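Q: structure, please.
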Amino acid sequence: MLCTRCRIRTAVTDDGLCTFCSGTRPPLPGGAKAPAPGAAPLSGPVPGPVPGDRGAGSWPRSPVGLSRAVVALLGCVMASDLFVIGAGLHLRGLWEGLVTHGSLDIYTGPGLRAQGLYDLAGTVQTAAFMATGVLFIIWFHLTRRNAEVFESGVQRMGPGWAVGGWFVPVANLWFPYRVASGIWEASVQLHPDGGWRTVPKTVLNLWWGGWIVSVLASRIAVSQWNRAQEPEQIADAAALVAAADALDLVAAVLAVLFVRAVTRMQVERAGTPQAATAPERATPEPAAP
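A: Now for the predicted structure:
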């Protein structure tokens, strides 16, 4: 059972609190002691941050609430993808009718309504994607800071790259994956005896591969759509855009699996007693700036 107060560590007391919330927390870094309630402030130097802390807090924060919101918004992305796929295929059918049968419906009421519906679907899809992207990055940064608490030695990039890595041209095809890989490795629950164990990165790799394929396919499809001039070219471009939207839907499903997997692992890791006292693993290659 999770702690009724923080919702991230295992409850150990009769009133449903974990060791931290109940006051029986492990020793603070450097042998420091927390002052008793109502005591005067400590005099003398305040213990500094733990080496390698990179600004992370001393205790992990629960990613559960954010993950639920991200999953819900990813569901909205999937629904908007289905909406835009349906509207796009309907519009393509009208252009295809002009090519094959000489139908002029694309230029009359049915075509105007189909184009208006497609524009609306595109607006809904963009809004869903932007809202989801913002909340996902917030969740991603939180889990990266938690990973610093769990095990800073396996982090290849600093916490700031959990946000900035998405906005660096070209590098955004690789930097977020390096951050996610460090999060994944640090979030793995320890063995009962405190030993390290590994979990295959299948979900991580599928999510990132799906995201990259979706982004590249979308750029190609949009470029083809913008260059299309003749009715046949427009029909072909519409089909390509619908395929790219279908790949985006698959990427959203894989993102849900990734978010849920990382959140579950961090909740389990936070509830492992060894998480606060186990030695760190060997540091990997030098971290990126």
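
Q: which stretches of this structure have low pLDDT?
A: For the chain, the stretches flagged by pLDDT under 70 are 1-12, 17-58, 191-197, 272-289.

Q: continuing past the longest helix along the chain, what's the next helix or strand?
A: In the chain, ranked by residue count with DSSP state H as the criterion, the top helix is helix 109-150. Under the assignment DSSP states H and E, the closest C-terminal helix or strand after helix 109-150 is helix 161-164.

Q: and the contacts of that next one?
A: Applying Cβ atoms under 8 Å, 6 or more residues apart in numbering, the external contacts of helix 161-164 come out as 137, 140, 141, 143, 144, 145, 175, 176, 178, 179, 288. Yep, even glycine has a C-beta here, placed from its N, CA and C like the rest.

Q: and stretch 172-192, by the same measure?
A: Identification of contacts with stretch 172-192 by Cβ under 8 Å, 6+ apart yields 140, 143-144, 146-148, 150-152, 154-157, 161-162, 165-166, 168, 196-199, 201, 204, 208, 212, 215, 258, 262, 265-266, 268-269, 272, 274-275, 278, 288.

Q: got the buried residues for it?
A: Across stretch 172-192, burial judged by 16 or more other Cβ atoms under 10 Å covers 175-190.

Q: one more: stretch 222-234?
A: Of the residues in stretch 222-234, 224, 225, 228, 231, 234 count as buried by neighbour count, 16+ other Cβ under 10 Å.

Q: which one of those residues is nearest residue 240?
A: residue 224 (5.4 Å; Cβ to Cβ).

Q: quick check: closest non-adjacent residue to the closest one.
A: Distances taken as Cβ to Cβ, 6 or more residues apart in numbering put residue 237 closest to residue 224, at 4.5 Å, once the chain neighbours are dropped.

Q: that neighbour: what's it in contact with?
A: By Cβ under 8 Å, 6+ apart, the residues touching residue 237 are 221, 224, 225, 227, 228.

Q: against residue 234, how distant is the fourth one?
A: Taken as Cβ to Cβ, to the nearest Å, the spacing of residue 227 relative to residue 234 amounts to 10 Å.

Q: now swap in residue 123 and tell me
A: From residue 123 to residue 234 the distance is 20 Å (Cβ to Cβ).

Q: same check, this time on residue 66
A: 41 Å.

Q: check residue 115 too.
A: Distance, residue 115 to residue 234, by Cβ to Cβ: 11 Å.

Q: got it, and residue 149?
A: Computed as Cβ to Cβ, the residue 149 to residue 234 distance reads 53 Å.
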